[in-house]
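J.: could you work out the structure for the sequence below:
(chains A and B)
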There are 2 protein chains.
Amino acid sequence: MNKLLIVGTVAFDAIETPFGKTDKIVGGAATYIGLSASFFDLQSAIVSVVGDDFPQEHLDLLTSRNIDISGIEIVKGGKTFFWSGLYHNDLNSRDTLVTELNVLADFQPKVPQNFKDAEVVMLGNLHPLVQSSVLDQMETTPKLVVLDTMNFWMDCALPELLDVIKRVDVITINDEEARQLSGEYSLVKAAAKIQELGPKYVVIKKGEHGALLFHKSEVFFAPALPLEEVFDPTGAGDTFAGGFSGYIAQSENISFENMKNGIIYGSNLASFCVEKFGTERMVGLEAKEVNQRLKQFKALTQFDIEL
Amino acid sequence: MNKLLIVGTVAFDAIETPFGKTDKIVGGAATYIGLSASFFDLQSAIVSVVGDDFPQEHLDLLTSRNIDISGIEIVKGGKTFFWSGLYHNDLNSRDTLVTELNVLADFQPKVPQNFKDAEVVMLGNLHPLVQSSVLDQMETTPKLVVLDTMNFWMDCALPELLDVIKRVDVITINDEEARQLSGEYSLVKAAAKIQELGPKYVVIKKGEHGALLFHKSEVFFAPALPLEEVFDPTGAGDTFAGGFSGYIAQSENISFENMKNGIIYGSNLASFCVEKFGTERMVGLEAKEVNQRLKQFKALTQFDIEL
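T.: Take a look at the predicted model:
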């Protein structure tokens, strides 16, 4: 069974959307990535940090999904990272209301010994130095390293970000971030420039407008599933990344053709994530629902024109 | 050979985009629809009106594409409809600078006798009373009637618009218009409400984000081809409609599965339209380029996951 190493935040979120608001609930990139990847046949581990205010039941939930949490450091007397956001009416934009780094401020990631040979490494959105440190600790070269990042690091840690981007195979960012990183408005041109920075594969996430996978002159597109209602987009990008990296880890095939399937699995899982607040939908999700929705993705996108 | 009857504007446009600007060039919904549909094996005719300021060479161009122009009335001493628009940096929004209705103000469409039995009718964006008048003149019931419209008619001729919408099989509108017409933000809910108004099929055009086809609980999605450069979106929606209706007219198959192919052909042809200003790219386009790009659409969207 292949190993997937996940680094990212395990956190508290407080979310407000046009459909309601939550108190502090469990969130964080690694939480969503881990839950999403747990639908595949693999061994996974999360490297992260929380304070001792983080409830044991949430850690137990991760363990129950077969996720190794020995790499989640619990800082005594520390407070867990907290983010609060307000989504606008169209759910495509949001304001950050609160960011309390807390224990994340001094986070030194420690990769568990038995994951230093992981086949796939999923670097969730974090300071690029933390992402680099995880790669430094690997004892064998991973088959695939996937990096997620955001505009915040482009603004305040660009040299460090460029350093770690050089070291990864796949980068996943949203359309605005791709434009910012490349200086190109056209996503085709942006993806070409970003490939020059190192990653052979560029995934551009467009939220409700789907996701694009670029590699040299090839491009693949997965739509988001049209949904009657989207309650909360929080974690959708991380769930996408978890589905993508989890599928690749399970299948152990890093061809472009297989990555297409990974993009579809990522979109599939993300389509569930947004149906309820926070991680609620992902926690209750069953494998048969994922397979059922895969049929919807096929019906949505496959056509039969003879060439 | 099946017949496609097209009603719509034949016009002058003056366009400014971030990439340049044009003087008065030939445009109009029926022009784009006709050029696009000319890539299929069918007989087509345009019903429209121009002034005698409209150059014969442009009419000759339509004739050279095997389009019957006997239904294009030439008003002596009249001036042709003129539209001028300025596109913003993202090309997704535009300001109308000038709209001179001219001969369009009193347009009474006259369907040529030998197209009163057309199998497919494509009602391009025009006053809903003009669209209705064309349907009134049909002597046999068309196999498929497709209607394109816009928010302008929702604002100032809603009862007449609802009357003609009741009479069509397929409506094509953009996402914002679908929301306005239905009062629903979710496009899934919007499409369901619009089906209650009459059309069994609802096509929602999302510009660079592709197009959705809804029918009962089924949905199909065609992406826009990711392009290095988009010069001018003018006419892309009409080119899409021409590709869709032209393909359906040629294949004489109005099943949902075949409409999927029509949506792909529409997206394919529209992807060329935006590559140059006005009709320039469509006029120079060759069939082998269309077939080549169909392969790109397949590579872009088709995947191979066993279920």
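J.: mean confidence (pLDDT) on the longest helix seen in chain A, please.
T.: Ordering each helix of chain A by length in residues (DSSP state H) puts helix A:256-273 first. Here helix A:256-273 scores 98 as its mean pLDDT.
J.: roughly how far out does that helix sit from the chain middle?
T.: Distance, stretch centre to chain centre, for helix A:256-273: 12 Å (CA atoms, centre = their mean, to the nearest Å).
J.: touching chain B at all, that helix?
T.: Yes. Using CB under 8 Å from any CB of the partner chain, we find that helix A:256-273 touches chain B at A:257, A:260, A:261, A:264, A:265. Backbone N, C-alpha and C define where each C-beta goes, glycine included.
J.: my guess is residue A:198 contacts residue A:168. True?
T.: Yes. Contact criterion CB atoms under 8 Å: residue A:198 and residue A:168 qualify, at 6.6 Å.
J.: the more surrounded of those two?
T.: residue A:168 (24 against 16; other CB atoms under 10 Å in any protein chain shown).
J.: pretty sure residue A:11 contacts residue A:79?
T.: No. Residue A:11 is beyond contact range of residue A:79, at 10.7 Å (criterion: CB under 8 Å).
J.: compare neighbour counts for these two and give me the winner.
T.: Neighbours were counted for residue A:11 and for residue A:79 using other CB under 10 Å; residue A:11 has more, 25 against 17.
J.: which one is the more buried one nearest to, not counting chain neighbours?
T.: The shortest distance from residue A:11 to any non-neighbouring residue, by CB to CB, 6 or more residues apart in numbering or on different chains, is to residue A:28 (3.5 Å).
J.: same deal with residue A:203?
T.: residue A:172 (4.2 Å).
J.: for the strand or helix carrying that neighbour, which outside residues touch it?
T.: Using DSSP states H and E, residue A:172 maps to strand A:170-174. For strand A:170-174, contacts defined as CB atoms under 8 Å, 6 or more residues apart in numbering or on different chains pick out A:144-150, A:165, A:181, A:194, A:199-207, A:237, A:240-241, A:244, A:259.
J.: circling back: residues making contact with the very next helix or strand once past the longest helix of chain A?
T.: Proceeding N to C from helix A:256-273, the next assigned helix or strand is helix A:280-284, under DSSP H and E. The list of residues contacting helix A:280-284 from outside it, by CB under 8 Å, 6+ apart, reads A:32, A:35, A:36, A:61, A:235, A:239, A:269, A:272, A:273, A:274, A:275.
J.: and helix A:280-284, what's buried?
T.: A:280, A:281, A:282 (16 or more other CB atoms under 10 Å in any protein chain shown).
J.: with stretch A:243-254 instead?
T.: A:243, A:244, A:245, A:246, A:247, A:248, A:249, A:250, A:251, A:254.
J.: now, the most widely separated pair of the residues you listed?
T.: By the measure CB to CB, A:243 and A:254 form the most distant pair in those, at 15.7 Å.
J.: my read is that residue A:87 contacts residue A:19, right?
T.: No. With contacts counted by CB under 8 Å, residue A:87 stays clear of residue A:19, the gap being 9.0 Å.
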